[in-house]
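model this:
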Amino acid sequence: MKITLPEDGWALIRDPRTLTERLSARIEDAQFRLMDLPIMKEFTNAADAERIQSLPPGEQMRLIGPDGFQRMREVKWTTILVYVTEWSYGEVTEDVLMDEVPSYVVNLLSEEIGNVIKATGGPNLDTSVNPDPASPTRPSKG
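I've put the predicted structure just below:
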């Protein structure tokens, strides 16, 4: 799906239903690192996570602290790099994302990707702990 960005920019967004396991794992790993923070145990459902993401950065920082805020940024950047296949900024890499894409466009991209995920039903990540000892996920501490 092609989306229009400010100043004649554009980005091609991958259909979430076509994510490969490797791409899904990149997002999951970033989400797991975020959820592994002790403060995140206070947020127990998807509505909490969406509420936090909708708050201004200063309020997010107050609620989840600098580590949580940095991990949320990591999730946002990883999501953009996984879902954007091409864009008007050149090569789709973390360096280009950080060096060439204006912050307000990064936020817009994140919102647009969220809209695409919601519209398609998304990959429906289940982050609950699997009690099977052979599971690759590990129980949280505490």
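
so what secondary structure elements neighbour the least confident helix or strand in the chain by mean pLDDT?
The weakest-scoring helix or strand in the chain, judged by mean pLDDT, DSSP states H and E, is helix 46-54 (a mean of 72). Helix 46-54 makes packing contacts with helix 57-83 when contacts are defined by 3 or more CB pairs under 8 Å, 6 or more residues apart in numbering; DSSP states H and E. To be clear about C-beta, it is placed using only N, CA and C from the backbone, and glycine gets the same treatment.

May I see the buried residues of the helix it packs on?
60, 63-64, 68-69, 71-72, 75-83 (16 or more other CB atoms under 10 Å).

I would like the residues contacting the next helix or strand after that helix, please.
Downstream of helix 57-83, the first helix or strand assigned by DSSP states H and E is strand 84-87. Residues from elsewhere that reach strand 84-87 (CB atoms under 8 Å, 6 or more residues apart in numbering): 5, 9-14, 92, 101, 109, 113.

and strand 84-87, average pLDDT?
Strand 84-87 comes out with an average pLDDT of 96.

buried sites along that strand?
By 16+ other CB under 10 Å, the buried positions in strand 84-87 come out as 84, 87.
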